[in-house]
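A.B. asks: Okay, sequence plus prediction incoming.
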Amino acid sequence: MALGANLDDPQAQIRCALRTLAALPETRLVRESSLYRNPAVGCRGQPDFVNAVAMVETRLAPRELLEQLLAIERAHGRVRDFPNAPRTLDLDIVLYGELQLHEPGLTVPHPRMLERAFVLVPLAEIAPDAVVPGRGRVADLVRAVDASGLVKLPDAGA
């Protein structure tokens, strides 16, 4: 899953969200990427984002997992004022194994993940051999994305 934040100490928001993900029922945090800073996409004039990707193993169904992620966002003060608004926390399911799912409010793989260096670069860091159904290996897909605005942040001993 992808994590992002650009308000209220984004690095702390991401680190706290990772701990919360690890505590979800029937879920285990397997791996987490480095943190990356990048300019906001879609709405100019807002602070840069901090992003990361986490790999989890879960027995939660995709919809159940999404509901848990939305609850975590709300607990972090997420407000959905308008599309691409600044946010305290954004959690997205980008892949769910090899599942392809299209239902209201939930599409897996995430429909814009292949356009987003802030998803593909950290995903390639932790799971280069992961496969995006119908598209290919992450290690191959990451070469096609413009990562020029992405900056890997120093490890703060998370």
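C.D. replies: That came through, no problem. All of these numbers come straight from a predicted model, not from anything done at the bench. Residues are numbered from 1 along each chain as shown.
A.B. asks: show me the contacts for the residue lying closest to V132 once chain neighbours are set aside.
C.D. replies: By the measure of C-beta to C-beta, 6 or more residues apart in numbering, the closest residue to V132 outside its immediate chain neighbours is P109, 5.3 Å from it. From N, CA and C alone the C-beta is placed, and that goes for glycine too. The neighbours of P109, taking C-beta atoms under 8 Å, 6 or more residues apart in numbering as the test, are V94, L95, Q100, V132, P133, R135.
A.B. asks: Of those, keep whichever come out buried.
C.D. replies: V94, L95, V132 (16 or more other C-beta atoms under 10 Å).
A.B. asks: before we move on, back to that, how close does the residue nearest to V132 get to P10?
C.D. replies: Distance, P109 to P10, by C-beta to C-beta, to the nearest Å: 25 Å.
A.B. asks: Tell me the spatial nearest neighbour of R87, not counting adjacent residues.
C.D. replies: Setting aside the residues directly before and after it, R87 is nearest to R78 in space (C-beta to C-beta, 6+ apart), at 5.6 Å.
A.B. asks: Can you get me a residue count around that neighbour?
C.D. replies: 18 (other C-beta atoms under 10 Å).
A.B. asks: burial count for E57?
C.D. replies: 10.
A.B. asks: What helix or strand is it located in?
C.D. replies: strand 49-58 (DSSP states H and E).
A.B. asks: tell me what that strand is packed against?
C.D. replies: In terms of contacts (3 or more C-beta pairs under 8 Å, 6 or more residues apart in numbering; DSSP states H and E), strand 49-58 is packed against strand 2-5, helix 10-22, strand 27-32, strand 36-38, helix 117-126.
A.B. asks: run the last query once more with 10 Å
C.D. replies: If you count contacts as 3 or more C-beta pairs under 10 Å, 6 or more residues apart in numbering; DSSP states H and E, strand 49-58 packs onto strand 2-5, helix 10-22, strand 27-32, strand 36-38, helix 62-75, strand 90-92, helix 117-126.
A.B. asks: Between helix 117-126 and that strand, find me the angle.
C.D. replies: Taking axes from the mean of the first three to the mean of the last three C-alpha atoms, to 10 degrees, one finds strand 49-58 and helix 117-126 inclined to each other by 50 degrees.
A.B. asks: buried ones in strand 49-58?
C.D. replies: Applying 16+ other C-beta under 10 Å to strand 49-58 flags F49, V50, N51, A52, V53, A54, M55, V56, T58 as buried.
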